[in-house]
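> Here's a sequence, model it:
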Amino acid sequence: MTPPPPPPRRTITWIAGGVFACATAVVFWVVAVSSASSGAASVLIGPLDELSLLTLSVLLAFGSLGVGLWSIEAPRRMLPLKVIGVVLATCAGALAALAAVFTVDANVTPVLHRGCDTGYVVVERSFLMGSSGTVYRQDGAFIVTQVGWSSGDNGHQPFSMGGYAVTEERGMLTVSYAVNRPVASTGVTAGSDTSLSLPVLDDRSPQCGLHTARSADQAP
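Below you'll find the predicted structure:
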């Protein structure tokens, strides 16, 4: 005789508990990486940087906590505490969702030189009429170290829109980028507007055959 299937509420509780455990583990991992390096290193997974990962993980943690509390069968005398817990978890999840709207929308762009990646990536975000970017050195599959900053006016993201150029001289990379959106058909040339100086990473095998993204108002 086969055992009866678990009640739906119990299944929901187990699923919510698993999501909560995974989200909490991600938060501890991200915080541990940052703390161990005194804030220099951080986690970058695909298009999700440290801020995006924290925001999404907190959102999932509070969301799963609320669902888990709702699915637990509590005695009548414990119902007020259950309701309070669900309400608090829902409010915290709503705040995390609001924060996610402003933090998750980020562009992660590898810095290319002659069609090869340089081992550096830039994470850019736009807010109102400005944009900011953080330049990272890739130290592993998911670990990066901050090495510089970039900026843009009128919401322009120079790296994700391809408005930059790279030159190499004496073991250094000079990354020039346009703070403002380039005039149509002019693009950006080395030495224009603002620049960053980054050391060439010789202890890695670059991936080549890549192409820089171009915005619609730049020449191909």
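
> make it CA atoms for all contacts and neighbour counts henceforth
Noted.

> Name the nearest residue to A94, sequence neighbours excluded.
Distances taken as Cα to Cα, 6 or more residues apart in numbering place L59 nearest to A94, at 7.8 Å, with adjacent residues excluded.

> same for the helix or strand hosting that neighbour, what does it pack against?
Of the helices and strands defined by DSSP states H and E, L59 is found in helix 50-71. When contacts are defined as 3 or more Cα pairs under 8 Å, 6 or more residues apart in numbering; DSSP states H and E, helix 50-71 sits against helix 8-36, helix 79-103.

> Between those, which has the poorest mean confidence score?
The weakest mean pLDDT among those belongs to helix 79-103, with a mean of 88.

> What residues sit buried inside it?
Applying a neighbour-count criterion of 16 or more other Cα atoms under 10 Å, the buried positions in helix 79-103 are 82, 85-86, 89-90, 92-93, 96-97, 99-100, 103.

> from those residues, which single one is nearest E50?
The shortest distance between E50 and any of the buried residues of helix 79-103, using Cα to Cα, involves T103 and amounts to 10.0 Å.

> That closest one against L53, yeah?
No. Applying Cα atoms under 8 Å, one finds T103 not in contact with L53, separated by 9.4 Å.

> shaky segments in the protein?
Residues of the chain that meet the criterion pLDDT under 70 lie in 1-7, 181-193, 213-220.

> could you redo the last one with a cut-off of 50?
With pLDDT under 50 as the threshold, the chain has low-confidence stretches at 1, 184-185, 190-191, 216-220.

> Output the helix holding L59 as PDB, nothing but the C-alphas.
Listed in PDB are the C-alpha atoms of helix 50-71, where the atom choice follows Å, rounded to 0.1, in the frame of the first residue of the first chain:
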ATOM      1  CA  GLU A  50      26.600  42.300  -5.600                       C
ATOM      2  CA  LEU A  51      23.800  44.900  -5.100                       C
ATOM      3  CA  SER A  52      21.500  43.000  -7.500                       C
ATOM      4  CA  LEU A  53      22.200  39.700  -5.800                       C
ATOM      5  CA  LEU A  54      21.500  41.100  -2.300                       C
ATOM      6  CA  THR A  55      18.300  42.800  -3.300                       C
ATOM      7  CA  LEU A  56      16.900  39.800  -5.100                       C
ATOM      8  CA  SER A  57      18.000  37.400  -2.400                       C
ATOM      9  CA  VAL A  58      16.300  39.500   0.300                       C
ATOM     10  CA  LEU A  59      13.200  39.700  -1.800                       C
ATOM     11  CA  LEU A  60      13.100  35.900  -2.200                       C
ATOM     12  CA  ALA A  61      13.800  35.400   1.500                       C
ATOM     13  CA  PHE A  62      11.000  37.600   2.800                       C
ATOM     14  CA  GLY A  63       8.600  36.300   0.100                       C
ATOM     15  CA  SER A  64       9.300  32.700   0.900                       C
ATOM     16  CA  LEU A  65       9.100  33.500   4.700                       C
ATOM     17  CA  GLY A  66       5.700  35.000   4.200                       C
ATOM     18  CA  VAL A  67       4.400  32.000   2.200                       C
ATOM     19  CA  GLY A  68       5.900  29.600   4.700                       C
ATOM     20  CA  LEU A  69       4.300  31.300   7.700                       C
ATOM     21  CA  TRP A  70       1.000  31.400   5.800                       C
ATOM     22  CA  SER A  71       1.100  27.600   5.000                       C
END
